[in-house]
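J.: Fold the following, please.
(chains A, B, C, D and E)
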Amino acid sequence: MTRPASRGSAKKAGLPPGTVVYVGKQKTEKTRIRSISYDDTHFEEKENKKIDETFDSANKEGVTWINVDGLQRVDVIEKIGKHFNLHPLTLEDIANTEQRPKMEDFGHYIYVVLRMLRYDQQGNEIISEQLSLILNSNLVLSFQESEGDVFDTVRERLRNEKGKIRKMGADYLLYALIDAVVDNYFAVLEKLGEKIEDIEDQVIANPEPATVQVVHNLKRQSIALRKYVWPLREVVNGLERCESGLISKATGIYLRDVYDHTIQVIDSVETFRDVLSGMLDIYLSSVSNRMNEVMKVLTIIATIFIPLTLVAGIYGMNFTYMPELSAQWGYPLVLLAMVLIAVVMLAYFKKRKWILQK
Amino acid sequence: MTRPASRGSAKKAGLPPGTVVYVGKQKTEKTRIRSISYDDTHFEEKENKKIDETFDSANKEGVTWINVDGLQRVDVIEKIGKHFNLHPLTLEDIANTEQRPKMEDFGHYIYVVLRMLRYDQQGNEIISEQLSLILNSNLVLSFQESEGDVFDTVRERLRNEKGKIRKMGADYLLYALIDAVVDNYFAVLEKLGEKIEDIEDQVIANPEPATVQVVHNLKRQSIALRKYVWPLREVVNGLERCESGLISKATGIYLRDVYDHTIQVIDSVETFRDVLSGMLDIYLSSVSNRMNEVMKVLTIIATIFIPLTLVAGIYGMNFTYMPELSAQWGYPLVLLAMVLIAVVMLAYFKKRKWILQK
Amino acid sequence: MTRPASRGSAKKAGLPPGTVVYVGKQKTEKTRIRSISYDDTHFEEKENKKIDETFDSANKEGVTWINVDGLQRVDVIEKIGKHFNLHPLTLEDIANTEQRPKMEDFGHYIYVVLRMLRYDQQGNEIISEQLSLILNSNLVLSFQESEGDVFDTVRERLRNEKGKIRKMGADYLLYALIDAVVDNYFAVLEKLGEKIEDIEDQVIANPEPATVQVVHNLKRQSIALRKYVWPLREVVNGLERCESGLISKATGIYLRDVYDHTIQVIDSVETFRDVLSGMLDIYLSSVSNRMNEVMKVLTIIATIFIPLTLVAGIYGMNFTYMPELSAQWGYPLVLLAMVLIAVVMLAYFKKRKWILQK
Amino acid sequence: MTRPASRGSAKKAGLPPGTVVYVGKQKTEKTRIRSISYDDTHFEEKENKKIDETFDSANKEGVTWINVDGLQRVDVIEKIGKHFNLHPLTLEDIANTEQRPKMEDFGHYIYVVLRMLRYDQQGNEIISEQLSLILNSNLVLSFQESEGDVFDTVRERLRNEKGKIRKMGADYLLYALIDAVVDNYFAVLEKLGEKIEDIEDQVIANPEPATVQVVHNLKRQSIALRKYVWPLREVVNGLERCESGLISKATGIYLRDVYDHTIQVIDSVETFRDVLSGMLDIYLSSVSNRMNEVMKVLTIIATIFIPLTLVAGIYGMNFTYMPELSAQWGYPLVLLAMVLIAVVMLAYFKKRKWILQK
Amino acid sequence: MTRPASRGSAKKAGLPPGTVVYVGKQKTEKTRIRSISYDDTHFEEKENKKIDETFDSANKEGVTWINVDGLQRVDVIEKIGKHFNLHPLTLEDIANTEQRPKMEDFGHYIYVVLRMLRYDQQGNEIISEQLSLILNSNLVLSFQESEGDVFDTVRERLRNEKGKIRKMGADYLLYALIDAVVDNYFAVLEKLGEKIEDIEDQVIANPEPATVQVVHNLKRQSIALRKYVWPLREVVNGLERCESGLISKATGIYLRDVYDHTIQVIDSVETFRDVLSGMLDIYLSSVSNRMNEVMKVLTIIATIFIPLTLVAGIYGMNFTYMPELSAQWGYPLVLLAMVLIAVVMLAYFKKRKWILQK
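T.: Residues are numbered from 1 along each chain as shown, chains lettered A, B, ... in the order given. Model (predicted):
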C-alpha cells in the first residue's frame, strides 16, 4: 500500500498476454485445494491432494465450490483453466494479484475479482488480498493468495441442511461469498474509524508533529481503501444486470442488497476523507494558536521589563550632576515607579485580553 | 454520528442474508402497534396488543395504515413479513437500522427507507432514526425505531372527514408520510442554520481555539446530514417514475413537490458546507491578524527602549576620561535626547501605520 | 439571504399539501391586480378592483396578461386558481415564496417560478423576490411578492402597435417576461462585479481584517446568486423542449437565446467565485508579508543594539583592575568600536537584502 | 476581461429581442466590406463601397466569402440580414459582441460565434474579439469587431489556384476559418506559457508581494481563456454532427481535427491553472521559510548576548562587598567566561542545525 | 514538459490542413524503415533502404508490420500515405508529434496515437515520444520519433514460431503493441513512485525549501502523466467498440485487458496526485512547528534573562541611599534571588510543556 505503483505489473512487463505468472510476495506455503459439493439433500466436503480428483466433484449433480488457497503453483491454475475452458487472460488475472475489482462476462462463465481486506493492528495498515471468483452453471471457483478467509460462516451455512443456501444454485453461492467479503469491510471500516477518533482527540488535546504523520497515514489508507471499494459498485451492478443467464432473477434481488452495502462502505470512506481533511485544518489552527500564545508571553515579559531596565540604566549613569541620586527617597521612589509601570502595563494587557486567555 | 463506520453492520457480519437482527441501540421499550383504517366515510383508529388483530384491520376495505414503534421484537417483524408476503431482505433492512435512504420496487409492494431527523439541543447534534415504509395496493406499513414521530399532523388530517387525504388511496398516504418527514428537515436545517450564524459572529468577534472545534463539529453534522439527504432525491424520483402501478399519476404530481423540497434541503446543506469552509479561512486570517498585532506591540516597545537603554549604558561606563559626565547640563541633555529618540521612533511607526491600527 | 435554511418552509411544516399560505415577510401593501389584453389591432390595459372583472378580460380574444402584485390575500390566489383550474400545489407554490426556480408542465398550463433580483446598495446585498408565471393557451398570469418589477419595457412594447410582440401569442409574452428577468440579472452582476473590483484593489493596497469579512460576504452573495441562477438553465431548457404544445417552435428559438444568456450569467457567477477565492489567498500572503516586514525591523534593531549594550555593560563593570578605563582614548575608542559594529551589522543586513525591501 | 460581468448586455437590458445594437467599445473606424468569390477556376477579390454590390458577388456560381470589419453600422448588418434571410436574433447576436462561443443551426444557415484572441504584450492581457460566421449553401459571411484578423493565410491559400480549398465548398471555407482561429490560440497559449515560466522562476528565486499579484493576474487570464475555449468543444462537435446537410462528410473529418486541437488547448489551459495554483503554495512556503530564517537570526543574537549582558550587569552592581571586583584577574576571567558562554551557545545552535542553513 | 503550451503547433499555425510538417526537435538521425512479415508458418524480417521495397512486403499474404523510426523525412511519410491511401490529416498528425492520444476510424483503416514514455533518471523527468499506429486488414504501420522502443519483446514473440501471435491477425499485433506501451507505463510509474517515497521521507525528516520545489516538480510530472494517460481510456474503449470490422471479437477481449491496465495506471496517477498534495500540507506544518520551536527558545531565554538583567541594573544604580548595597550578604543574596527567579521560570515552562518538547 505504501508504493502506489504496482510493482508486480512492472515485473511482468513484456511477457505475452495470457502468461500466468504469480506476482505477489513469494509465500512458501503449499497450494491447498478444498471442494464442497451440495444439493438440497447431499453434502460432501473434501480436501484434494491431486487436482484431478477435484474435477470429479465438479462433475456431480448439485453445486460445487472449489477453493484454491495459494497461487504460486502456476501449473495448477493452468490445469484448472484448461479443464473448465477458461480464457488465458482470466488465468493471467488470477495469478497477477494486483487487479482492480472487476467483473467480466465470458458467456459460459463470469469472472469476478475482489479485494479481501484485513486490518493489521501492529502495522496500523490495511492488508489486501486478491480474491478471484469464477461462476459457471453449477460451479463456483475461488482463488485466494493465502489461507485464511472470511468464508467460515458461509461454510457453516452450507453444512446446515436446512439453510436456504442449500436449496439455491451456484449463483446464490457466488452472492454469498461476495456478501461475506463486503460484510467484512464494515469490520475494517470500524477499526479505521476507531483510529480516526483516537487521533481526532489527540489533534485537539495535544497537537504534535507526529500527529500530522498519523493523519497523513490514515489519509493514505483511506485513499487505498477507496481504490478497493469504488470499482466494487460497478462490479455488483454488472452482476445484477448481466445478460448471460448465469445469474437468476431471485439472486439479483440479493445482489441489490450487496450493492446497498457497497454504497454504505463508499459513503463511510468518503466521510473518513472529509473528516481527515478537516483534521489537518484543526491541527494547523492549533499550532497557530500555540505560537500566538508563546508570542504573547514573550511580548508581555519584554514589554514590562525592558522599560524598567531603562529606568535602572538611567540611574546607573555616572553623571556628576544628577540631583535625584542624592535625594534620600530617590531609591524607594524609583522602585515604586517601576512597580507602577509594571502594573499599568499588566492592566493594559488585561484590557486587551492577552492575559485572560493565557 | 461520531463514528463514521456503521458498527451495527459489523455486528451482523457473517449471518446469512435475510436474517432479521435488530442492530440499533437496545431500547427497552415495548413494541407498540397502532392501526388506522379509513375510507371516504369510515375512520377507525386502534392500538393492538396482538399482532393478528392488526391483520384484521388490513383486510377491510379502504386504506389501512399500520404503524410499528420499536424494532426489538424481531418475531413481530417476521410475522408481519410473512402475512404480507415481504421479501426476507426487506425484513432484514427494516431491523438493520443503518440503511441509507433507498426505494425498492418488489412488484407487489414498494419498500422505502428514510431517515427521520431531530435536533438535540443539549448535545448539539442531529439524531437520526430509521423509518421504513411499505406500500401495497391498499396498505401502508411504517416501522420506527422508537415512539415519537413527525406524523401527528397527518393523523389529524386523517381524522378530519373532509380532508382530501380521506378520498385518496394508500399511495397518497405514503406521499403524506414522506412529505411530513421532508418538511421536518426544514426545522432541523433551521436549528443548524442558527448554530452556524452564532458561530459566525463569534469567529469574527472573538476567535478562540474552541471556535474551531465547534466549526469542525458543525461541518461533521453537515456531512452527516448530506449523507441522509442526498439519496432522498433518487428515492423520490424513483417513486415518481416507478412502474409497478402502485402509485397513481395524481400522487406523482405530489411527489414532484416533495422532490422540489428535497432539492431545497440539499441546496441548503451545500450552502452550509460552503459557509463553514469559508469560516475556517476567516478564523485563520483572524489569528494571523492577532499575531501581527502582538508582534507590532513587541517591536514598537523593543525598538523604542533598546536604543535608550544603550544610551543609559554608555553613560554608565566607568571611563576616567568622559567629559560629558562632569558637564552640568549632561544629565538633562541626555534625558532630552532620549525623549527625542522615542518621539522620532514613534513618528516613524505612525508613518508606517503600525500604530494607527493598534 | 443570511439564513441559509428557508424559515418559511419550517413555518408551514405539517400543513396538508396544497394549503395556500403566504410565507414571505408580511408586507402590508394591498394586493393589486392589473390586466393587459391585446391582439394585433386591439390593446386594453386596466386595473381591477374586483378579481371577477379580471376574468372577463381573459375571456376576450387575443392574449391576456394578468399581473398580481402582493400575495397576502390568499383568497384572491385561490379564486384565480379555481377559475383557471390550477392544481392546488401550484397555488401553494405561488404563495410559498421560497421556491427554487423551476418549470412544471401540467398539460393545460405551464407553471414557471423565477427569482427577480435587485441589488440593495445600502445593505450591500442582493434582494430576491419570487415571480410565478402561468401560461395557458392565450393567457399569462404573473404573481409578484410586491409592486415594482422589471417589466416596464415589456409593457411599453405591448403598447406600441407595431411591436412584434403584438403579433405573437401568449408563449411569446411568457418569453418576453423571462427575458426581462434574465436581462436584469446582468445589471445585478455588474453591481456585484464593481464591489468585487473595489475590494480587490483594497486587498492589494491595504489588507485589513475588515476586508476579509467583506470578501466573505461577497462570497456568500455569489453562493446565493448561484442558487438562484443554476436551476434557471433547466427551466429554460425545459420550456424549449416542453411537449404540451403551449410553446410554439418560433418562440422556442427565442428561448434558446434566453438559454444563452442564462449560461452567460452562470459563467460570470462562477468567475466571481474563482476570483473571490483567489482574493483570500492574496490577503493571507499580504498579511504574511507584513508580519515578515515587522519581524525584520525588530530583528535589525535588536541585532544592532543588543551587542552595543553589552559593550557598554562591560565598561560599566566595577572591577578594580580594568586598564582600559584609565586610558585617555578609551572612551572615544569604545564609541568608535560601537559605530563600527553597527555599520558592519547594517552592511550584513543590506547584503541579505533585508533592508532594501523595507 | 477585468470586469467579469458583461456590461454590454446590461446596456441593452429591456430592449425587445432581435434589436440590433452594437455593444462593444465605440470604435470610430468605418465599416469595411470585402468579398472573395471563387471556384475551381475563377477567383475574384474586391472591396465594396456599397453593400448591394456585395450581394451581386454572392449570386455568382462558386463560393463567396463576405467579410465585414466593424459592427457600428447597424443598418449594414440589418440589410445583410434581410438579404440573406437571417433570423433577428442572429443579427442581434452579431452586434452584441459579448456572446459565448456557440453554434446554432437555423436550417437554411448555420450561425457560429467564436472569440478571436490576441495577446497584448504591453498590458499583459488577452484581448478578445467576437467573430460571427454564417454558412449557407454557397456562402460564408464573417463579421469582425475591427480590422486585422488571423485569416491572411486562408486568403493566400484561396488565391493559389492549385490549393485544395479552391476545389471544396463553402463548408470547407468555414472549417478553414475556424481552424485558423483555433491555430491562433496556440500562439496566445505560448505567450501565456512564457509569462508563467518567468514568474515561476521568480517565485522560487525572489518571492515578493508583487509576485502574488502577477500570479493572481495570470490566474484570471486563465479563467478568462477557459471561458472562451470550453464552449468551443461543443461548437465544433455540434458542427460535426449537424443535420442540416450544409456540412459534408468530407469536411466533417477536418472538423474532427479542429476538435482535437480544441481539446489540446483546453488541456493546456487546465494545466496552466494547476501550475498557477501550485505556485501560490510555493510562494507561501517561501515566505514561511524566510520568516523562519529571520527568526533564527534574532534568536541566535538574543540568546548569545542577553546572558552576556546579564554578566556585565552583575559586575556593574554597586555592592560594597563583592570580592571578585578587587581580584586582579577578575576582569580578564569574566571576559573569558563571556567568550566561553558565547562559544557554547554557538555550538548548541550548530548542533541543532540552525546555523548551517543560514 | 516544462512548457505547457505546444510550441510545435504554434510553429505550424496558418498552414493548410493536411500539410505534413515535422514539428519535433530536429533530430539528425536518418529515417529507418524495418518490416516484418509473418504468418503461421513463414517469418521474414528486413530493413529496407528504399521505401518501395517495403511495399512489396505488404503485398504478401499474412500480416506485415512496417516500423518507421524518425519522422524528419516528410517525403517518406507522404509516399507511405499515398500507397496505403491514408487521409492527409492522418499524415499531418503522424508528423505533428504533439498529439493527444486518440483513435480514429477511417473505415478502411484505424489510426491510433499513443505516447511512449521513458523516465530520464538524470533530468528527473518523464520523456514522452509520439507513437502512431495504423491498422488495416493485414498490415500494421508504426511511426516513432526516434529509434529505441518498448517492442523488443513483441519482436521476440513474433520470431518464435509457436507463439500465439503468429496465428493471429494484424489486429492482434496492434493489440500487442499497445499492450507493450501500456505495460511500460508501470515501469515509469514505479520510478516516479520511488521518487515520491524518497521525497516523502525527506519532508518528514528534514523539510527544506528545496523539498518544496521537488514536490512541485513531481506534481507537474503527475499532471503531465495524467494528460498522456487519461485519453488512453477512451482510445482503448473506442478500439474495443469500433465498428469497422478491422478488430475481431477475440482481440476485443484482449483489448479489455489493456483497458483494465489503463485504469490501473490512471488510479496510480491519481493516487500520486493525492499523496503529493498531502505532502505540501505536511511540509507547511513541519515549518510551522520549527518556527514554533525557535520562538520557544527565544522566549525562554528572554523570559529568564531579562528580569535578571533588571535586578542587576537596579543594584547598579548610583543612589546615595541604597541600604542593601552596604549589607555584607547583599551580593550573595541577590545572586541567590537571581537563581531562584530562573528556577521558577524554568519550572513554569516545564509545567506548560514548552521544554519537554525541545
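J.: Distance of the closest residue to chain B within the stretch 201-350 of chain A relative to chain C?
T.: Residue nearest to chain B within the stretch 201-350 of chain A (Cβ to the nearest Cβ): A:Gly313, separated by 3.1 Å. Glycine gets a C-beta too; all of them are placed from N, C-alpha and C. To chain C, A:Gly313 is 9 Å away according to Cβ to the nearest Cβ, to the nearest Å.
J.: Is that residue within a helix or a strand, and which one?
T.: helix A:249-314 (DSSP states H and E).
J.: ok so, going back, list the contacts of the residue of the stretch 201-350 of chain A closest to chain B.
T.: B:Leu308, B:Thr309, B:Ala312, B:Gly313, B:Gly316, E:Gly313 (Cβ atoms under 8 Å, 6 or more residues apart in numbering or on different chains).
J.: a markdown table please, covering those and showing pLDDT.
T.: What follows is those, written out as a markdown table (pLDDT from 0 to 100):
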| residue | pLDDT |
| --- | --- |
| B:Leu308 | 87 |
| B:Thr309 | 85 |
| B:Ala312 | 83 |
| B:Gly313 | 83 |
| B:Gly316 | 82 |
| E:Gly313 | 83 |
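J.: now, which of these sits nearest chain D?
T.: Closest to chain D, out of all of the contacts of A:Gly313 and judged by Cβ to the nearest Cβ, is E:Gly313, at 5.8 Å.
J.: got a markdown table for the contacts of A:Gly313, with distance to D:Ser146 too?
T.: Output for those, formatted as a markdown table (distance: Cβ to Cβ, whole Å):
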| residue | distance to D:Ser146 |
| --- | --- |
| B:Leu308 | 67 |
| B:Thr309 | 69 |
| B:Ala312 | 73 |
| B:Gly313 | 73 |
| B:Gly316 | 78 |
| E:Gly313 | 77 |
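J.: ok, A:Tyr228 to C:Thr303 distance?
T.: 56 Å (Cβ to Cβ, to the nearest Å).
J.: er, A:Ser268 I mean
T.: From A:Ser268 to C:Thr303 the distance is 55 Å (Cβ to Cβ).
J.: Give me the more crowded residue out of these two.
T.: Under the neighbour definition other Cβ atoms under 10 Å in any protein chain shown, A:Ser268 and C:Thr303 were set side by side, and A:Ser268 has more, 25 against 21.
J.: Correct me if wrong: the more buried one contacts A:Leu189.
T.: Yes - using Cβ atoms under 8 Å, A:Ser268 is in contact with A:Leu189, at 5.1 Å.
J.: What pLDDT is listed against the residue of the stretch 51-200 of chain A at minimum distance from chain D?
T.: At 24.4 Å from chain D, A:Ile199 is the closest residue in the stretch 51-200 of chain A, using Cβ to the nearest Cβ. Here, the pLDDT recorded for A:Ile199 equals 87.
J.: contacting residues for A:Arg233?
T.: A:Tyr259, A:Thr262, A:Ile263, A:Ile266 are the contacts of A:Arg233 under Cβ under 8 Å, 6+ apart.
J.: Please name the residues that touch the third one.
T.: This means A:Ile263. So A:Ile263 contacts A:Arg233, B:Arg100 (Cβ under 8 Å, 6+ apart).
J.: returning to that earlier point: would you tell me which one of the contacts of A:Arg233 comes nearest to A:Asp40?
T.: A:Tyr259 (28.2 Å; Cβ to Cβ).
J.: What's the local residue count around A:Gln213?
T.: By other Cβ under 10 Å, neighbour count at A:Gln213 equals 15.
J.: ok, for it, nearest residue in space, not its chain neighbours?
T.: Nearest residue to A:Gln213, sequence neighbours excluded (Cβ to Cβ, 6 or more residues apart in numbering or on different chains): E:Ile204, at 6.2 Å.
J.: Check the secondary structure at the one you found for me.
T.: helix (DSSP: H, G, I helix; E, B strand; the rest coil).
J.: from what I can see it touches A:Val214, true?
T.: No - between E:Ile204 and A:Val214 there is no contact under Cβ under 8 Å: 11.5 Å.
J.: what helix or strand does the closest residue to chain C within the stretch 251-358 of chain A sit in?
T.: As assessed by Cβ to the nearest Cβ, chain C sits closest to A:Gly316 within the stretch 251-358 of chain A, at 6.9 Å. Using DSSP H and E, A:Gly316 sits in no helix or strand.
J.: wouldn't it be in contact with E:Gly316 here?
T.: Yes - between A:Gly316 and E:Gly316 there is a contact under Cβ under 8 Å: 4.3 Å.
J.: which residues do those two both contact?
T.: B:Gly316, C:Gly316, D:Gly316.
J.: nearest to D:Lys50, of those residues?
T.: Using Cβ to Cβ, the shared contacts of A:Gly316 and E:Gly316 come closest to D:Lys50 at B:Gly316, 98.6 Å.
J.: Spell out which residues sit in contact with the closest one, please.
T.: Contacts of B:Gly316 (Cβ under 8 Å, 6+ apart): A:Gly313, A:Gly316, A:Met317, A:Asn318, C:Ala312, C:Gly316, D:Gly316, E:Gly316.
J.: what are the ranges of the strands in the stretch 51-200 of chain A?
T.: A:63-69, A:102-105, A:110-120, A:125-136, A:139-144 (DSSP state E, counting those that start in this stretch).
J.: Can you tell me which of these is nearest to chain E?
T.: Closest among those, using Cβ to the nearest Cβ: strand A:102-105, at 6.2 Å.
J.: Show me what the residue lying closest to A:Asp120 once chain neighbours are set aside is bridged to.
T.: Excluding the flanking residues, the one nearest A:Asp120 by Cβ to Cβ, 6+ apart is A:Ile127, at 5.1 Å. Beta-bridge partners for A:Ile127, by DSSP bridges, are A:Arg118.
J.: contacting residues around A:Ile127?
T.: Counted by Cβ under 8 Å, 6+ apart, A:Ile127 has contacts A:Leu117, A:Arg118, A:Tyr119, A:Asp120.
J.: related to what we said a few turns ago, tell me the contacts of the closest residue in space to the residue of the stretch 201-350 of chain A closest to chain B that isn't next to it in sequence?
T.: In space, and not counting its chain neighbours, A:Gly313 is closest to B:Ala312: 3.1 Å by Cβ to Cβ, 6+ apart. Contacts for B:Ala312 (Cβ under 8 Å, 6+ apart) come out as A:Leu310, A:Gly313, A:Ile314, A:Gly316, A:Met317, B:Met338.
J.: With respect to chain E, which of these is nearest?
T.: A:Gly316 (4.3 Å).
J.: Quick check: the closest one vs E:Phe305, distance?
T.: 18 Å.
J.: now A:Asp39
T.: In terms of Cβ to Cβ, A:Asp39 sits 89 Å off from E:Phe305.
J.: Neighbour count: those two, which is higher?
T.: Ranked by neighbour count (other Cβ under 10 Å), A:Asp39 and E:Phe305 place E:Phe305 first, with 24 against 15.
J.: Quick check: the gap between the more buried one and D:Met338.
T.: For E:Phe305, the distance to D:Met338 - Cβ to Cβ - is 14 Å.
J.: List the buried residues in the helix or strand where A:Gln221 lies.
T.: Assigned by DSSP H and E, A:Gln221 belongs to helix A:209-240. Neighbour-count burial for helix A:209-240 flags A:209, A:211-212, A:214-232, A:235-236, A:238-240 (criterion: 16 or more other Cβ atoms under 10 Å in any protein chain shown).
J.: A:Ile33 pairs with what?
T.: A:Asn48, A:Val68.
J.: Any residues of chain A in contact with chain C? List them.
T.: A:Gly316 (Cβ under 8 Å from any Cβ of the partner chain).
J.: Domains in chain A, by residue range?
T.: Domain assignment for chain A, taken from automatic domain parsing, gives A:7-285, A:290-351.
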